[in-house]
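> what follows is a predicted structure for the sequence shown.
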Amino acid sequence: MITDPQGTVLALFLVFCRIGGCILAMPGFSSARVPMILRVFIGAALSLAIMPVLWDTVYPAVHTSSATYIGFIFSEALIGVMFGMLARLYTLGLQFAASIMGMMVGYTQPSAGDIFEDTAESALSGFVTFAGMMILFMMDFHHIVFRALIDSYTSMPFGGLIQMRATLISFTDTLSSTTFIMLRLCSPFLIYGLLFNIAIGFINKLAPQIPVYFISTPYLLMGGLFLFYFSVAALISQFGQSFASVFVGR
């Protein structure tokens, strides 16, 4: 039997602020294709699931003044959004790499609708992004994020101010690691595009009367798609395996 219903609800809402803030920015769950009410239900279900684990940590914090409790709401939501954004930066890096790949192989057809967001992107970029998100969910990346979020109650307890310097360092380190990983993943396409364009440039110098652009584009696209066919499995696999090292390292 619940002896303090009001305190239980207030404690549950504080947990929901951190969990809901993470889901608000977390890749996959924050997609425009996921209805808003479903995100609320996911956040509420996760809050109820971890509430017994965090009861001794959260419940004493509700016996404070109203102003302090409101401050807890904003700080908890901000911490949750920070964790969700750290994971989202990694998936945004894959979209960056996919755009580079499409540009290097000449796959610049009119953009189509994005699978996850209400934006436009090429079919190649959409395929790579969808495959990357699918492999992340298959490898339970959300378990890693939620585990880190629960552990954050030890490193970022109630009542303490958010260390903005440490937060900015985490964001910059995540951006740096993500950029190096994505450049490594799309490096075969960068080398292929560079060598192909250099070769076409020499051919154009030798025979300037030939419309090199119209002749070279089909070969550029054909070679790039063959390269994509043989490398996409390793690319997506390395993308999924590198998530834990980037996120947990923060």
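Perfect, thanks for sending it. Note that the structure is predicted; figures quoted are calculated from it, not measured. Residues are numbered from 1 along each chain as shown.
> what's near enough to touch T91?
The neighbours of T91, taking CB atoms under 8 Å, 6 or more residues apart in numbering as the test, are P27, T129, G132, M133, L136. The way it works is simple: take the backbone N, C-alpha and C, and place the C-beta from them, glycine included.
> just flag the most distant two among those.
T129 and L136 (10.7 Å; CB to CB).
> assumed F230 was part of a helix.
Yes: note on F230: a helix contains this position according to DSSP: H, G, I helix; E, B strand; the rest coil.
> and it, how many neighbours?
Applying other CB atoms under 10 Å, we find 10 residues neighbouring F230.
> kindly report the same for E121.
Number of residues near E121 (other CB under 10 Å) recorded here: 21.
> OK, contacts around the residue lying closest to it once chain neighbours are set aside?
Nearest residue to E121 in three dimensions, chain neighbours excluded: D114, at 5.1 Å (CB to CB, 6 or more residues apart in numbering). Going by CB under 8 Å, 6+ apart, D114 touches A120, E121, G126, T129.
> where along this structure do the helices fall?
5-25, 36-58, 66-104, 123-138, 141-155, 164-185, 187-206, 212-248 (DSSP state H).
> JSON lines for those helices, including mean pLDDT?
Converted to JSON lines, those look like this (pLDDT from 0 to 100):
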{"stretch": "helix 5-25", "mean pLDDT": "84"}
{"stretch": "helix 36-58", "mean pLDDT": "86"}
{"stretch": "helix 66-104", "mean pLDDT": "85"}
{"stretch": "helix 123-138", "mean pLDDT": "86"}
{"stretch": "helix 141-155", "mean pLDDT": "84"}
{"stretch": "helix 164-185", "mean pLDDT": "87"}
{"stretch": "helix 187-206", "mean pLDDT": "86"}
{"stretch": "helix 212-248", "mean pLDDT": "85"}
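> contacting residues around M182?
So M182 contacts G93, L94, F96, A97 (CB under 8 Å, 6+ apart).
> can you check H63 too?
Counting by CB under 8 Å, 6+ apart, H63 touches G7.
> now it: how far from C22?
25 Å (CB to CB, to the nearest Å).
> do the same with I42
10 Å.
> between these two, which is the more surrounded one?
Between I42 and C22, counting by other CB under 10 Å, C22 is the more crowded of the two (29 against 17).
> V9 and G102: what is the separation?
Using CB to CB, one gets 50 Å for the distance from V9 to G102.
> neighbour count winner among those two?
When neighbours are counted by other CB under 10 Å, G102 comes out ahead of the other of V9 and G102, with 24 against 11.
> any idea how far S187 is from that one?
In this view, G102 and S187 are 15 Å apart by CB to CB.
> what does Q209 give?
Using CB to CB, one gets 35 Å for the distance from Q209 to S187.
> mind checking how far stretch 204-213 is from the chain centre?
Offset of stretch 204-213 from its chain centre (CA atoms, centre = their mean, to the nearest Å): 43 Å.
> now that stretch: buried residues?
Buried residues in stretch 204-213, counted by 16 or more other CB atoms under 10 Å: N204, V212.
> now tabulate the contacts of M182 in CSV and tack on neighbour count and distance to T178.
Below are these laid out as CSV (neighbours: other CB atoms under 10 Å; distance: CB to CB, whole Å):
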residue, neighbour count, distance to T178
G93, 24, 4
L94, 25, 9
F96, 16, 8
A97, 26, 9
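> what residue lies at the spatial centre of the chain?
By CA atoms, centre = their mean, the chain has its centre lying nearest to R88, at 2.3 Å.
> so that residue makes contact with A25?
Yes: counting by CB atoms under 8 Å, R88 touches A25, with 5.4 Å between them.
> list the contacts of stretch 207-216.
Contacts with stretch 207-216, where a contact means CB under 8 Å, 6+ apart, come from F196, I200, I203, N204.
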